[in-house]
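Peer 1: what's the 3D shape of this:
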Amino acid sequence: METASLSVAEAGRLLRRRETTSEALTEACLARVAELEPKLNAFITLTADRALASAKQADGELARGHDRGPLHGIPVGIKDLCATKGIRTTAGSKVLEDWVPDFDAAIVTKLREAGAVSLGKLNLHEFAYGTSSANHWYGPVHNPWNLDCHPGGSSGGSGAAVASGECFAAVGSDTGGSIRIPAALCGVVGLMPTYGLVSRAGVTPLAWSLDHLGPLARTVEDAALFLNAVVGHDPADPGSVRRDAFDATAELGRDIRGVRVGVARSQFARCEPEVVAAVDAALDVLRRLGADVKEIGLPLLDAGLRLNTLSVEASAYHAQWLRECPEKYSDEVRTLLLWGLTIPGYQYVNDLRLRRQFTDEVRAAMETVDVIAMPTCERVACEIAAGDVSYRYSVLTGPWDHTGQPVISVPCGFGSGGLPVGFSLAGRPFEEAFLCRVAQAHEQATPWHTHRPPV
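Peer 2: The predicted structure is shown next:
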């Protein structure tokens, strides 16, 4: 296996057996970047010299017996929504094209303290407000399975970089599906953790009450290891929660006999037949592993729940910049933000009420099931030339940001054109360990996580 295609866990074992070095891992990733950029266009800013210096430091610490944990010496990518001290942080926008913060986002600090090696800043949909990562200012990110296709968004650079071997794992953010969508369309794992579990301090917001930060990685174990490194209460984030003794890896490897899987079947009706077939096959795998799989109803979701919370909160954040420099927004994002300003207050309040009702509905359903399964996206990646994909990819993912519970997307096959399909499992708040256990059981019983894109 090529070095850059190893999992985080595999690379970590090699590091600790002195069979490789962080410098070698970093050089392998940088070689992939040199090979694939700019045709993949996953990076906005590459920090190769800093990365190599960090890798040498990591090797020195390991040689002295100072082991910071599973991410020590592992090359990762940072979504360019996260502030990085001394490194340009654009949020994929022209508004912030020259911003060089004098501080790190909390998640960047956590990764550095864990010994991870940052390769640079990854491309994304402008201000994370979209699902394609067709960035007007920095160019579209391309899907490594087919360079003519979108990788999904808004964390498209993260999904493409992880899938292609440019980095071992990456930071993503999720407000309407922005971790899970690129995970599904790029054939990797995306884990949106419980709301407030990972600090968002220093990260440009999209919608304060919905934003989550989490990992994209090549395996469930890698996602769990990454999440462990970045959790923690932070008073600088008003939404941050305290969770002692958290360990997303605690249940990995345990069987899933008797686990109750609820299937949100109404969501399948929105999907292309090839997606339905792949997800149904994934459910059959769970059955063979001993899970009790049954269909459940969620009335608000079944009725096509759509809330405007994200739109209102995004427009509130951008209102001043919209007045001062409207020309620094793409037509697409400016239109969305201006529309959000027209939504009346009573509608926002009513949507908050519906959000609470939907959350209660899901919590009640999860007294009878342990996880809820559904497709991640209704179709495989579409061509960039097809133009605006609007919100077709967030129809299935968006409602789950409102409930605050963890959701993981894992590969479950391929559709037309050899493009990946993903399916999602939603768990109870703070039960990431259980959720990862179920997701990994499927992963280890299938070959999908071992496939690599043709680039």
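Peer 1: And the helices in the stretch 101-250 of the chain, which stretches?
Peer 2: Remark: helices assigned in the stretch 101-250 of the chain by DSSP state H, counting those that start in this stretch are 106-113, 156-164, 180-186, 220-230.
Peer 1: now those helices as TSV including mean pLDDT?
Peer 2: Formatted as TSV, these follow (pLDDT from 0 to 100):
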stretch	mean pLDDT
helix 106-113	98
helix 156-164	98
helix 180-186	98
helix 220-230	98
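Peer 1: now for those, which one comes closest to residue 454?
Peer 2: Taking C-beta to C-beta, helix 156-164 is the member of the helices of the stretch 101-250 of the chain nearest to residue 454, at 9.9 Å. C-beta coordinates here come from the backbone N, C-alpha and C atoms, glycine included.
Peer 1: can you list contacts of the least confident helix or strand in the chain by mean pLDDT?
Peer 2: Across the helices and strands of the chain, mean pLDDT, DSSP states H and E gives its lowest value to helix 299-302, namely a mean of 93. The contact list for helix 299-302, computed with C-beta atoms under 8 Å, 6 or more residues apart in numbering, reads 264, 266-267, 354, 357-358, 361, 399.
Peer 1: which among the residues you listed end up buried?
Peer 2: Among those, those scoring as buried are 264, 266-267, 354, 358, 361, 399 (criterion: 16 or more other C-beta atoms under 10 Å).
Peer 1: out of the helices of the stretch 101-250 of the chain, deepest packed?
Peer 2: Between the helices of the stretch 101-250 of the chain, helix 180-186 has the highest mean count of neighbours, a mean of 36, where neighbours are mean count of other C-beta atoms under 10 Å.
Peer 1: mind checking how far it is from the chain centre?
Peer 2: Helix 180-186 has its C-alpha centroid displaced from the chain centroid by 8 Å (C-alpha atoms, centre = their mean, to the nearest Å).
Peer 1: and if you look at stretch 446-454?
Peer 2: Averaging C-alpha positions (C-alpha atoms, centre = their mean) puts stretch 446-454 18 Å from its chain's average.
Peer 1: give me the low-pLDDT residue ranges for this protein?
Peer 2: Residue ranges of the chain with pLDDT under 70: 1, 390-391.
Peer 1: So it: which segments form each domain?
Peer 2: 3-296+368-450, 309-342 (automatic domain parsing).
Peer 1: most packed of these?
Peer 2: Ranked by mean neighbour count under mean count of other C-beta under 10 Å, the domains of the chain are led by domain 3-296+368-450, which reaches a mean of 22.
Peer 1: Any idea how far apart the tips of it sit?
Peer 2: Start and end residues of domain 3-296+368-450 are separated by 14 Å (C-alpha to C-alpha, to the nearest Å).
Peer 1: mind listing what the nearest residue to residue 135 once chain neighbours are set aside touches?
Peer 2: Excluding the flanking residues, the one nearest residue 135 by C-beta to C-beta, 6 or more residues apart in numbering is residue 92, at 5.2 Å. Applying C-beta under 8 Å, 6+ apart to residue 92 gives the contacts 44, 80-81, 123-128, 135, 137-138, 154.
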